[in-house]
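Asker: next input, structure requested:
(one chain, ligands or ions: 2)
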Amino acid sequence: MTYVHNAWYVTSWAHEIRPEHPVGARILNQPIVIWRNAARELVAFEDRCFHRLAPLSLGRCEGESLRCMYHGLLYDRTGHVIEIPGQERIPNNARVRRYPVIERYGWVWIWMGDAEQADERLIPPVGGSDYSDYVVAHGQLDYAAEARLVNENLLELSHAVFLHSDSFRYGETWALDRPKIMEQERGIFSERWIKNQGLLGVKGADPSVDTYFCYEFYVPGALLMTYRSYPVGTADALNGQRPDPTEAIGGFTGDEGFTRQAVTPLTDKTARYLYIHGARRRGGETVYDMTVIDKAFAEDKVMIEAQQRNIDTSPGARFVPTSADRGIVLFNRIVDRLVRAEASRVSEASAPHRIED
Ligand code: FES
Ligand SMILES: [Fe+2]
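Answerer: Ligands and ions are numbered 1, 2, ... in the order given. Below is the predicted model:
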């Protein structure tokens with residue numbers, strides 16, 4: 001499994017980590033426990049007690065500390081053992097790995113790489129869950145497939161025409177026209193017009209509009225998409241260029257709707273997918289039709305899990321990209337570059353030091 005480690009991965013919804021209830025997770029194959037201290041701050045450790053490797057997620061929160069409930073070792077919030085029942089001396093190395101963890105945008109983000117390099121500015125600017133002008137819906141799916149396949153599904157939306165022909169029922173433009181895609185430092189930016197088609201899956205949305213979609217996908221697997229509606233003919237009048245946000249139908253200065261999604265590798269062959277959808281309130285009426293969205297996402301899951309099974313039984317078989325796969329190719333190139341940079345930093349750090357004369 002090739003994934004960037006120096007990145008923020010979404011583990012769960014923030015409200016799922018309740019005080020007094022440590023939660024176990026597995027990210028990039030690593031067992032993790034996430035818990036809240038007395039001040040409700042998040043703490044994340046490896047989920048493996050220093051003593052006999054029992055899961056700390058079966059432990060007990062005690063104010064600023066977490067106790068393993070097998071034989072009672074007590075850990076402070078830095079992961080150091082501060083109490084061994086019946087034993088005075090605590091070895092210096094009695095500790096577990098602590099992971100940087102942050103609550104933001106309603107999600108829990110964990111940094112899986114070198115803690116020294118954890119940089120909050122690398123959390124993708126997901127936003128959305130607290131936008132009061134929007135009706136926001138949430139969802140989650142766990143996949144029996146590697147996260148890379150889910151990322152690649154989200155990076156290439158021509159599949160919507162075929163795979164989602166019974167749910168989103170998008171016109172064939174999605175498959176025939178290519179979006180403009182630009183490479184960013186840690187992701188891609190993509191934009192496109194869909195002429196004379198409103199967003200399906202939103203109750204009350206006008207079907208006779210030109211829709212402008214703007215799309216970002218960040219390492220390790222965060223998608224931010226927004227859309228706005230314009231009078232039919234706008235896309236042609238602008239020759240496919242980016243529109244002025246203030247000229248969107250309804251006079252919104254912001255976006256008419258958005259979706260934010262996160263894909264997290266749990267193990268080599270399992271992934272977690274969290275998503276929110278927001279639709280601009282129109283007289284309290286506008287809401288996403290989650291039955292359509294749930295149906296579409298179930299279609300993705302069926303296809304991707306079947307794809308995974310084929311991959312597993314076809315060792316050596318390779319993907320052959322088409323021109324529609326440009327976003328996938330660019331994104332995977334960014335991932336490869338970051339993974340190589342991490343590997344070279346590790347090998348530099350472990351290289352023997354030269355003794356100067
Ligand atoms: S395994 Fe945790 S205290 Fe023994
Ligand atoms: Fe899809």
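Asker: please make it C-alpha for all contacts and neighbour counts, starting now.
Answerer: Fine.
Asker: may I have the beta-bridge partners of the spatially most central residue of the chain?
Answerer: The centroid of the chain falls nearest to residue 262 when counting by C-alpha atoms, centre = their mean (2.1 Å). For residue 262, the beta-bridge partners are residue 222, residue 274 (DSSP bridges).
Asker: show me the contacts for it.
Answerer: Shown in contact with residue 262 (C-alpha atoms under 8 Å, 6 or more residues apart in numbering): 10, 221, 222, 223, 272, 273, 274, 275.
Asker: neighbour-wise, which one of those leads?
Answerer: Highest neighbour count within the contacts of residue 262, by other C-alpha atoms under 10 Å: residue 10, with 29 neighbours.
Asker: dump the residue contacts of that residue.
Answerer: Counting by C-alpha under 8 Å, 6+ apart, residue 10 has contacts 107, 108, 109, 110, 262, 263, 264.
Asker: return the member of those residues nearest to ligand 1.
Answerer: residue 110 (23.1 Å; C-alpha to the nearest ligand atom).
Asker: which positions in stretch 41-53 come out as buried?
Answerer: Within stretch 41-53, the residues scored as buried using 16 or more other C-alpha atoms under 10 Å are 42, 43, 44, 45, 46, 47, 48, 49, 50, 51.
Asker: from the residues you listed, which land in strands?
Answerer: In strands, judged by DSSP state E, the following of the buried residues of stretch 41-53 are found: 42, 43, 44, 45, 46.
Asker: residue 212: what secondary structure?
Answerer: Classification of residue 212 using DSSP: H, G, I helix; E, B strand; the rest coil returns strand.
Asker: that one and residue 194 touch, don't they?
Answerer: Yes - using C-alpha atoms under 8 Å, residue 212 makes contact with residue 194 at a distance of 6.4 Å.
Asker: who's more crowded, the two?
Answerer: Taking neighbours as other C-alpha under 10 Å, residue 212 and residue 194 compare with residue 212 leading, 27 against 22.
Asker: does the residue lying closest to that one once chain neighbours are set aside sit in a helix, a strand or a coil?
Answerer: Distances taken as C-alpha to C-alpha, 6 or more residues apart in numbering place residue 193 nearest to residue 212, at 4.6 Å, with adjacent residues excluded. Under three-state DSSP, the three-state class of residue 193 is strand.
Asker: next one: residue 300
Answerer: Three-state assignment for residue 300 (three-state DSSP): helix.
Asker: what's the answer for residue 236, then?
Answerer: Classified using three-state DSSP, residue 236 is helix.
Asker: could you count how many residues lie near it?
Answerer: Neighbours of residue 236 (other C-alpha under 10 Å): 12.
Asker: gap between it and residue 261?
Answerer: Residue 236 sits at a distance of 30 Å from residue 261 (criterion: C-alpha to C-alpha, to the nearest Å).
Asker: next: residue 119.
Answerer: Taking C-alpha to C-alpha, one finds residue 119 at 21 Å from residue 261.
Asker: of those two, who's got more company?
Answerer: More crowded of residue 119 and residue 261, by other C-alpha under 10 Å: residue 261, with 21 against 13.
Asker: these two touch, right, that one and residue 218?
Answerer: No - at 10.4 Å, residue 261 does not count as touching residue 218 under the criterion of C-alpha under 8 Å.
Asker: and residue 258, bridged to which residues?
Answerer: Under the criterion used (DSSP bridges), residue 258 bridges to residue 226, residue 278.
Asker: is it true that it touches residue 275?
Answerer: No - using C-alpha under 8 Å, residue 258 makes no contact with residue 275, being 10.6 Å away.
Asker: and the strands in the stretch 101-250 of the chain?
Answerer: 101-104, 107-111, 134-143, 180-184, 187-194, 210-218, 222-230 (DSSP state E, counting those that start in this stretch).
Asker: between those strands, which gets nearest to residue 281?
Answerer: strand 134-143 (5.1 Å; C-alpha to C-alpha).
Asker: buried stuff in that closest one?
Answerer: So, applying 16+ other C-alpha under 10 Å, buried residues of strand 134-143: 134, 135, 136, 137, 140, 143.
Asker: run a quick neighbour tally on residue 116.
Answerer: For residue 116, using other C-alpha under 10 Å, the count is 8.
Asker: residue contacts, residue 158?
Answerer: 174, 175, 176, 324.
Asker: try 10 Å this time
Answerer: 164, 170, 172, 173, 174, 175, 176, 177, 178, 179, 324, 325 (C-alpha atoms under 10 Å, 6 or more residues apart in numbering).
Asker: what parts of the stretch 1-150 of the chain come near ligand 1?
Answerer: Contact residues, the stretch 1-150 of the chain versus ligand 1 (C-alpha under 6 Å from any ligand atom): 49, 51, 52, 53, 54, 68, 70, 71, 72, 73.
Asker: let's see that with 8 Å instead.
Answerer: Residues of the stretch 1-150 of the chain found near ligand 1 (C-alpha under 8 Å from any ligand atom) are 48-56, 67-74, 84.
Asker: picking up where we left off before, tell me which two in the buried residues of strand 134-143 are the farthest apart.
Answerer: 134 and 143, at 28.3 Å, using C-alpha to C-alpha across the buried residues of strand 134-143.
Asker: right, I'll leave it there.
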